[in-house]
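> The sequence and its predicted three-dimensional model are supplied below.
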Amino acid sequence: MATYNPPLSRATKISSSSASYHACGDNIAAIDFGTTSVSLAYTTKGDDEVNTLVLDSDRRSMRVPNAILLKRDESKNISVVGFGSDTRTQFASMKAEILSEHIYFERVKMHMRKEKVTRQTQVKASSGEKFYLVEVIAFILQHLKNQLIEHFIRSPIPLKTTDFDWVITVPAIWDACGKRMMREAAYMAGLLTESGGINQFTPISDIPLLIPDETNSNRLLLALEPESAAFFCQETIAKQKQHSDIAIELPTEYMVIDIGGGTVDITAHMTVNGEVTVLNIPTGNESGGTKVNKAFSKLMEKLLNDQGFKKFCSSRDHSQQIANLNKIFYSEFENQKIAFGQGNLEDIAIGLPRRFSSFFEEFLKSEVDKVDGIEYDEDANDTLYVDKKVVEKELFGPAIDGIIDCTLAAIKENEFKVSTFYLVGGFGGCRYVHQKLMAAINKLYTSEGRTCNVLVPPTPQLAVATGAVMWRRNPGKIKARRSDATYGIATTLPFDPEKHDEHYKFFDKDRNEYRCNNVLDVFLEKGELIDVNQNLTIDLSPSSASDTTVSIEIYSTPCLGVQYIKDRDGKKMAVKIGKLVIDAPNPDNLPVEERIIDVTMDFSGTEIQAKAKYRINGKEVKTVCDFLSTY
């Protein structure tokens, strides 16, 4: 086991004198921005219930595919012409002469799982044209916002965008960069102002996108998806307890396993006197429902000898061929996947679009039937049949294995402290997933001589959106969380031969002393419990009298015991994840030594936050946590 080295320097912990969260008003709206689908929940003044907005009036659906079709006019202005259920078909059947006017995206959230997203991160539309990811997300958020406001325009009490406190849900396993992108996209979408929001895409160039204006930033909070689901589950049981003659115990220690389209997100909570402590470091993986779709896509690529379907996509208009593929793997197959997962089907049957079956006619007729468990029937409307064994082993198997591995690891890490498990999310609510995961958890607990309950709440696919509204009513109910990484800044210290490595020793002429370079001044270490009433403080000053901004870089590492930013060989031990940009005006022409700025860092919430003020007069100065700039 590696030796633990304590930090060489640590920020000072202080008690917080103010709440981490702005007190919300009577109207709350929460957007669950999922990989495959989205939903929106809300509550308004005088209504104790949380409602979910109907996003597809034809189907009366409150959760729709995360797919958007945009139209670009001659002035480059963008309008939404389709969103949700029928958008894929709408685009795939579009006439060739108007295709160039339209831009189609779906499942853009999957691009947020890159190692580091920045403001410059690009995403391809189905046409192959590139756009800035943050702006694509902004158009989707703006459309959802508009749907909510249109709903209230028709109501007896019209409400405006600024009448709401907004919540956007994010995976707990995301880093600060992904969270910051959702926040900036919300600013661009006009969620917090009366302005209409984004109406054009910025042309791709080497010029960095500007940080959007942060007006009313305290009216937006990011909620962690499994925490939101936990609020929903606990409140659901509390209501059942009120209206039931049967004795129902409200769990005080429980684990939420949120399995959506993209990710598995796990959190464990302990409740004492109504206050919640998060027991574990956020954990999860990418074994969400789309892993099943991708497994089917890979199987078809292999059967049809077309890796990545490159031959198929190059045979006709690329964007429409992509739409045809998406229709197969994320519409036709998705419907069969859901039906199989709920136990309504033994085998699955996928209708293939004529363009697809015609292109691969030779392989479909000669090769597919050679594979055990798969058949193609041209006479039955070009239908591909896959039997139960193949579905379970080849398609569902990898996702189920990933979910089980991740969950059992979280249970062991928490030392079996919980005995109640809530299974939520679109894929988590699937009966097949529930059965497989419940069997695995029960087996583990039985081996330890313990018992447990694995529960699926009503409407598990809406648990996150609904729970996010419940959380926003009382975010301070969560009193402590665990840090997902070690965070700090780079600093120098007076050299101490008993503590410091000679490799980092240098002579500072300005201070006329030997100092130690590359020290990681630690805010928090991974796994450390962060109390909601506890902040951290550092002080700094401008480098020169003429400086009117101060920038401080923030570093992170998943490891414990890191003392230096780089090791002796120059290898990075902590990576730069962002920076604080602090306004430091100097209208009175004070000397640098009098311009000390006290910076307060707050890691207790769902985002890293900071405030700064001049020590000499106590005036607060503007501070931006920038995790999206490129370095």
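Noted; the coordinates are in hand.
> so where do the helices sit in this protein?
Secondary structure of the chain by DSSP state H: the helices cover 87-92, 133-153, 176-189, 225-242, 290-304, 310-315, 318-327, 333-341, 354-359, 361-366, 388-390, 397-413, 431-447, 463-473.
> To Trp166, which of those lies closest?
Counting by CB to CB, Trp166 lies closest to helix 176-189 out of the helices of the chain; the figure is 6.8 Å. Any C-beta I mention is one placed from the backbone N, CA and C, and that applies to glycine too.
> Just tell me which of the helices of the chain ends up closest to Gly618.
That would be helix 176-189 among the helices of the chain, by CB to CB, at 27.6 Å.
> list the buried ones in stretch 353-362?
Across stretch 353-362, burial judged by 16 or more other CB atoms under 10 Å covers 353, 356-357, 359-360.
> distance between the ends of it?
15 Å (CA to CA, to the nearest Å).
> Please enumerate residues in contact with it?
For stretch 353-362, the surrounding residues in contact (CB atoms under 8 Å, 6 or more residues apart in numbering) are 92, 304, 306, 312, 315-316, 321, 324-325, 327-328, 364, 378, 382.
> Try it again at 6 Å.
Contact with stretch 353-362 is made by 304, 312, 324, 382, as judged by CB atoms under 6 Å, 6 or more residues apart in numbering.
> out of those residues, which are buried?
For the contacts of stretch 353-362, buried by 16+ other CB under 10 Å: 304, 312, 324, 382.
> for the stretch 51-200 of the chain, which spans come out with low pLDDT?
Low-confidence segments of the stretch 51-200 of the chain, defined by pLDDT under 70: 114-115.
> Now do the strands in it.
51-52, 63-65, 67-72, 78-83, 102-106, 122-124, 130-132, 165-170 (DSSP state E, counting those that start in this stretch).
> Which one of the ones you listed lies nearest to Gln147?
strand 78-83 (8.2 Å).
> Buried residues, the closest one. List them.
In strand 78-83, counting by 16+ other CB under 10 Å, buried: 78, 80-83.
> next one: stretch 561-573
Within stretch 561-573, the residues that count as buried by 16+ other CB under 10 Å are 562-566, 573.
> how about these in a markdown table, adding distance to Pro542 and pLDDT?
Output for the buried residues of stretch 561-573, formatted as a markdown table (distance: CB to CB, whole Å; pLDDT from 0 to 100):
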| residue | distance to Pro542 | pLDDT |
| --- | --- | --- |
| Val562 | 28 | 95 |
| Gln563 | 28 | 96 |
| Tyr564 | 26 | 97 |
| Ile565 | 22 | 96 |
| Lys566 | 26 | 95 |
| Met573 | 28 | 95 |
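> and of these, the nearest to Leu8?
Relative to Leu8, the closest of those is Gln563; by CB to CB it sits at 5.0 Å.
> does that closest one really touch Tyr4, like I thought?
No. Taking contacts as CB atoms under 6 Å, Gln563 lies outside contact range of Tyr4: 10.6 Å.
> Quick check: the closest residue to Cys233 other than its chain neighbours vs Ala92, distance?
Counting by CB to CB, 6 or more residues apart in numbering, Cys233 lies nearest to Tyr422, which is 4.3 Å off, once chain neighbours are set aside. Distance from Tyr422 to Ala92, counting by CB to CB, to the nearest Å: 38 Å.
> which of those two has more neighbours?
Under the criterion of other CB atoms under 10 Å, the comparison of Tyr422 against Ala92 puts Tyr422 first, with 28 against 21.
> can you pull up the bridge partners for that one?
Val256, Leu455 (DSSP bridges).
> Next one: it, what pLDDT does it get?
pLDDT, Tyr422: 97.
> again, but for Lys337
So Lys337 comes in at 95 (pLDDT).
> which ones are touching it?
Val292.
> what's the closest of the helices of the chain to Thr36?
Comparing the helices of the chain by CB to CB, helix 290-304 comes nearest, at 6.0 Å.
> That closest one packs against which elements?
Packing partners of helix 290-304 (3 or more CB pairs under 6 Å, 6 or more residues apart in numbering; DSSP states H and E): helix 397-413.
> picking up where we left off before, between the strands of the stretch 51-200 of the chain, which one is closest to Ile400.
Distance to Ile400, taken as CB to CB, is lowest for strand 63-65 among the strands of the stretch 51-200 of the chain, at 22.6 Å.
> Against which helices or strands is the closest one packed?
Under the contact criterion of 3+ CB pairs under 6 Å, 6+ apart, strand 63-65 touches strand 37-43.
> and the strands of the stretch 51-200 of the chain, which is most packed in?
strand 165-170 (a mean of 26; mean count of other CB atoms under 10 Å).
> ok now stretch 155-174, how far from the chain's centre?
Centroid separation between stretch 155-174 and its chain, computed with CA atoms, centre = their mean, to the nearest Å, is 16 Å.
> For it, buried residues please.
In terms of neighbour count (16+ other CB under 10 Å), stretch 155-174 has its buried residues at 159, 161-174.
> Next, the buried residues of stretch 481-495.
Buried residues in stretch 481-495, defined by neighbour count with 16+ other CB under 10 Å: 481-492, 495.
> List of residues touching the strand ranked longest in the chain?
The strand that spans the most residues within the chain, counting by DSSP state E, is strand 513-524. Strand 513-524 is contacted from outside by 7-11, 483, 487-489, 491-495, 500, 504-508, 536, 562, 564-566, 574, 601, 603, using CB under 6 Å, 6+ apart.
> Using CSV, write out the CA atom coordinates for that strand.
Listed next in CSV are the C-alpha coordinates belonging to strand 513-524 (Å, rounded to 0.1, in the frame of the first residue of the first chain):
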residue,chain,number,x,y,z
GLU,A,513,15.0,33.6,0.7
TYR,A,514,14.9,30.0,-0.5
ARG,A,515,11.4,28.7,-1.3
CYS,A,516,9.8,25.5,-2.4
ASN,A,517,8.1,25.6,-5.8
ASN,A,518,5.2,23.6,-7.3
VAL,A,519,3.5,22.9,-3.9
LEU,A,520,-0.2,21.9,-4.1
ASP,A,521,-2.0,24.1,-1.6
VAL,A,522,-4.9,21.8,-0.8
PHE,A,523,-8.5,23.0,-0.4
LEU,A,524,-10.0,19.5,0.1
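> Give me the average confidence score over it.
94.
> gap between that strand and the chain center?
Offset of strand 513-524 from its chain centre (CA atoms, centre = their mean): 33 Å.
> swap in stretch 281-300?
With CA atoms, centre = their mean, you get 16 Å for stretch 281-300.
> For that stretch, list every residue counted as buried.
For stretch 281-300, the neighbour count (16+ other CB under 10 Å) marks 281-293, 295-297, 299-300 as buried.
> what does stretch 252-270 give?
Buried, per 16+ other CB under 10 Å, within stretch 252-270: 253-270.
> Out of those, name the ones that lie in strands.
Those of the buried residues of stretch 252-270 mapping onto strands are 253-259, 264-270, per DSSP E.
> Please identify which pair of those lies farthest apart.
Ile259 and Met270 (22.2 Å).
> What is the lowest-pLDDT residue among the contacts of stretch 353-362?
Within the contacts of stretch 353-362, Asn324 has the lowest pLDDT, namely 85.
> Leaving out the residues flanking it, which one is nearest to that residue?
Among residues not flanking Asn324 along the chain, Pro353 sits closest, at 5.1 Å (CB to CB, 6+ apart).
> same check, this time on Glu620
Excluding its sequence neighbours, the residue lying closest to Glu620 (CB to CB, 6+ apart) is Lys613, at 4.5 Å.
> Measure how far stretch 588-598 is from the centre of its chain, please.
The answer for stretch 588-598 is 40 Å, by CA atoms, centre = their mean.
> can I have that stretch written out in CSV, keeping just the CAs?
C-alpha atoms of stretch 588-598 as CSV (Å, rounded to 0.1, in the frame of the first residue of the first chain):
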residue,chain,number,x,y,z
ASP,A,588,-7.8,54.9,-5.3
ASN,A,589,-4.4,53.8,-6.7
LEU,A,590,-3.6,51.8,-3.6
PRO,A,591,-0.2,50.0,-3.5
VAL,A,592,-0.2,46.3,-4.1
GLU,A,593,0.5,45.4,-0.5
GLU,A,594,-2.7,47.1,0.5
ARG,A,595,-4.9,45.3,-2.1
ILE,A,596,-5.2,42.0,-0.3
ILE,A,597,-8.2,40.0,-1.5
ASP,A,598,-9.9,37.5,0.7
